[in-house]
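Asker: Next come a sequence and a model predicted from it.
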Amino acid sequence: MAKIEITKTELVWPGKYNEDGTLKEVPRVSLPFQVIETINESRATREARKEREKQLTLFDIYEGKEGDTFEEGWKNKLIWGDNLLVMGSLLEKFAGKIDLIYIDPPFATGADFSFTAPIGEGGDEVFKEQSVIEEKAYRDTWGRGVDSYVAMLVPRLRIMRDLLSQSGSLFIHLGVQVNHFIRVALEEVFGAENVVDEIIWSYGTPSGGRAAGNKIIKAHEYLLYAVKSYGAHIYNKQFLRYSEKYINERFNKVDEEGRRYQPRKRVDEKGEVYYQRQYLDDAKGVPLSTVWSDILQTYSMHLVKRAAEETGYQTQKPEALLERIISIASNPGNLVADFFCGSGTTLAVAEKLGRRWIGCDLGRWAIHVTRKRLLGIENCKPFEILNLGKYERQYWQGVTFGDKNDKAATERALYEYLAFILKLYGAQPVEGMVHLHGKKGKAMVHIGAVDAPVTIAEIDAAVDECAKLKQGELHVLGWEWEMGIAASNEGKGGLMHEAAKKKGVKLLLLQIPREVMEEQAAAKGDVRFFELAYLEAEIKQPKKLTAQVTLKDFVIPNTDLIPEDVRSKVKKWSDYIDYWAVDWDFQNDTFMQGWVAYRTRKERKLPLSSDPHTYEKPGKYRILVKVIDIFGNDTSQAFDVEVK
């Protein structure tokens, strides 16, 4: 390793510098976003806003051709994915445009990705451990202790600085274990002059288990506050209410109108003393300091307020904390971001305070909980759910297996990709076949492409090849699926499965999980392929030009893979459903939510019939029904209807 010349105090960790002594660059990969769902916007509004010619694709590609206000077409954004890739991909459109970033990166606790989730209509709850992706994120963050935590966070801070506007601010929520390290790193990234404050959040009175032990009780966390350019940053001074004791002692006079005041001594230009009335109702209060002791942890709140906010996330922060931060460092209409958004507290508060927002999280369930939380806000502005989808997979495929221009290298990369997926699935490659790539036991295996959904025609061709070879079972593995393709893998109501059965082939459709792209998870064999769930629905037309959807069944194949503590609490098929929605005129592109129902922690009953929808004119329509189960997985089924 080359000698590194240290000219100033800095934090150094393994991996900060390259072998030649140069600072390791932050990987900045710019990938297109896929819009997978649009919420609170009608299709008519969306079509009127489109300037480009309509293209029929499974997902819309986010083009960034929107204004900076809701009137100009802005929609808030909830993004599922690795925040390093997400932030790098945001740079093209959002560099220098975000006014406030708040992040609450994982502390050194196993609770960061876990939560309790209620099941069904009763009061039963299950504890949800972190997923394999979340486990991998936790290993990356804390696998080597503070070294890996700093190595994870600092590259992200560099990108966040580039995303901030000149008047922008960053708040980082940290525990006592890492605050001092990140403070030094933050000064290096932002400049010491731009690290404004270190705020102590004293969140409650020690009691119970926290009062045990042989050391002073921890009852605080830290907020590091940095700005892009000190002096140009947005800063709205905040005041706290006077205490009752202060009011009674100081504002102890009452005028003829009943207003409380205190006499304040003043000196005029001639040096003569006089007294001026300072009225309590005109006083702003006590200026906010760097010690915040008036905001309680979520679990310490009054039961009514706690019930209104609680989502089941153990590390959830109270809305009052985010309300203060957002009020300090942004104005209505400004853009606020949270790239570790968890249960969505930052986004919910930004929505209520009239800010625009972008949120991101690695966890599928976090995205789902946040979506429900936002839908519960009255007059919630339009927002869309995005991911990097096939583009992230293409990037992964290129990095992992090579991405050359010559034909031989491309074919070799494809072969390596297929061999890799087959190995993870426990199958062996086969040669000399057109549509069949491997064999597992007695079953043939077909693997879908990285960058395209598995189609009905693709499955038909693989089934035909199986039948021709007198092979009685076919497993199809896919990343994404043509809409309406999924059905029961036991032949219940599934046209694909029935058609395959008539040809003497048992068909199973299995999801390739995102975990295969995580090197550690794949190396450990922490990858499980799940069969696609199936939903059955009935479409009725109660009146002229109307349609109504009723869910009739929801099947998760192989329930043995579901933890016993969950299975034991499920009383009926609908208990597996947490949320369902309908797009009344699906155009084979983005799912446009036209009606939705979901469970909350307070209201556990779930209607299984939608409200009737009225169409403007008769004709053939495709209705898409989306179900999200209690694990955060979504299943969609398309129904073609003729409305009369």
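Answerer: Great, that's in hand.

Asker: lowest average confidence, helix or strand, in the protein?
Answerer: helix 43-49 (a mean of 51; mean pLDDT, DSSP states H and E).

Asker: and the chain, what are its domains?
Answerer: What automatic domain parsing lists as the domains of the chain is 34-238+288-387, 239-286, 393-530, 534-643.

Asker: Serialize the ones you listed to TSV and add fields for mean neighbour count and distance to residue 12.
Answerer: Any C-beta I mention is one placed from the backbone N, CA and C, and that applies to glycine too. Shown next, in TSV, are the domains of the chain (neighbours: other C-beta atoms under 10 Å; distance: least, C-beta to C-beta, whole Å):
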stretch	mean neighbour count	distance to residue 12
domain 34-238+288-387	18	10
domain 239-286	11	40
domain 393-530	17	25
domain 534-643	17	39
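
Asker: of all these, which lies closest to residue 19?
Answerer: Among the domains of the chain, the nearest to residue 19 by C-beta to C-beta is domain 34-238+288-387 (16.1 Å).

Asker: hey, where'd the strands end up in the stretch 301-450 of the chain?
Answerer: Using DSSP state E, counting those that start in this stretch, the strands of the stretch 301-450 of the chain run over 335-338, 356-361, 383-387, 428-429, 438-440, 443-447.

Asker: Now the longest one: average pLDDT?
Answerer: Over the span of strand 356-361, the pLDDT mean works out to 96.

Asker: what about residue 102, which SS state?
Answerer: Under DSSP: H, G, I helix; E, B strand; the rest coil, the three-state class of residue 102 is strand.

Asker: Which pLDDT value belongs to it?
Answerer: 98.

Asker: Could you do residue 314 as well?
Answerer: pLDDT, residue 314: 65.

Asker: mind listing what the closest residue in space to residue 417 that isn't next to it in sequence touches?
Answerer: Nearest residue to residue 417, sequence neighbours excluded (C-beta to C-beta, 6 or more residues apart in numbering): residue 401, at 5.2 Å. Counting by C-beta atoms under 8 Å, 6 or more residues apart in numbering, residue 401 touches 412, 413, 414, 416, 417, 420.

Asker: Please report how far the last one lies from residue 29.
Answerer: In other words, residue 420. According to C-beta to C-beta, to the nearest Å, residue 420 and residue 29 sit 21 Å apart.

Asker: In a strand, residue 247, correct?
Answerer: No - if the criterion is three-state DSSP, then residue 247 is helix and not within a strand.

Asker: Ignoring the adjacent residues along the chain, who's closest to it?
Answerer: residue 280 (6.5 Å).

Asker: I'd say that neighbour and residue 260 touch.
Answerer: Yes - under the criterion of C-beta atoms under 8 Å, residue 280 makes contact with residue 260 at 4.3 Å.

Asker: and for these two, which residues touch both?
Answerer: 247, 251.

Asker: does the residue of the chain most remote from its centre count as helix, strand or coil?
Answerer: Residue farthest from the centre of the chain, counting by C-alpha atoms, centre = their mean, is residue 270 at 64.3 Å. Secondary structure, three-state DSSP: residue 270 is coil.

Asker: Output stretch 163-177 in CSV, but only the C-alpha positions, please.
Answerer: Extracted in CSV, the C-alpha atoms of stretch 163-177 (Å, rounded to 0.1, in the frame of the first residue of the first chain):
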residue,chain,number,x,y,z
LEU,A,163,-28.2,16.1,-4.0
LEU,A,164,-28.7,19.0,-1.6
SER,A,165,-29.6,22.5,-2.8
GLN,A,166,-27.4,25.5,-1.9
SER,A,167,-29.9,26.2,0.9
GLY,A,168,-30.2,22.6,1.9
SER,A,169,-29.6,20.8,5.2
LEU,A,170,-28.9,17.3,6.4
PHE,A,171,-30.0,15.8,9.7
ILE,A,172,-28.5,12.4,10.7
HIS,A,173,-30.0,10.5,13.6
LEU,A,174,-27.3,8.6,15.5
GLY,A,175,-26.8,6.5,18.6
VAL,A,176,-24.1,7.0,21.2
GLN,A,177,-22.1,4.2,19.7
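
Asker: chain center to it, what's the gap?
Answerer: 19 Å (C-alpha atoms, centre = their mean, to the nearest Å).

Asker: Same check on stretch 581-592?
Answerer: Worked out by C-alpha atoms, centre = their mean, stretch 581-592 lies 21 Å from the chain centre.

Asker: State the mean pLDDT of that stretch.
Answerer: Rounded mean pLDDT across stretch 581-592 is 88.

Asker: With adjacent residues omitted, what lies nearest to residue 230?
Answerer: Using C-beta to C-beta, 6+ apart, the closest residue to residue 230 is residue 194 (5.0 Å).

Asker: these two touch, right, that neighbour and residue 232?
Answerer: No - between residue 194 and residue 232 no contact is recorded; they are 10.1 Å apart, counting by C-beta under 8 Å.

Asker: would you turn the contacts of residue 401 into TSV with distance to residue 18 and pLDDT?
Answerer: Below are the contacts of residue 401 laid out as TSV (distance: C-beta to C-beta, whole Å; pLDDT from 0 to 100):
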residue	distance to residue 18	pLDDT
412	29	76
413	27	78
414	32	82
416	28	89
417	30	89
420	29	90
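
Asker: between those residues, which is nearest residue 147?
Answerer: residue 420 (29.6 Å).

Asker: Distance check, that closest one against residue 397.
Answerer: Distance, residue 420 to residue 397, using C-beta to C-beta: 9 Å.

Asker: do the same with residue 370
Answerer: 29 Å.

Asker: same deal with residue 241?
Answerer: 57 Å.

Asker: SS state for residue 168?
Answerer: Residue 168 is classified as strand under three-state DSSP.

Asker: Excluding chain neighbours, what is closest to it?
Answerer: Using C-beta to C-beta, 6+ apart, the closest residue to residue 168 is residue 228 (4.6 Å).

Asker: Residue 496 belongs to a helix, doesn't it?
Answerer: Yes - under three-state DSSP, residue 496 falls within a helix.

Asker: just checking, it touches residue 462?
Answerer: No - counting by C-beta under 8 Å, residue 496 sits too far from residue 462 to count as a contact (11.0 Å).

Asker: shaky segments in the stretch 101-250 of the chain?
Answerer: Along the stretch 101-250 of the chain, segments meeting pLDDT under 70 span 107-117, 123, 126-144, 205-213.
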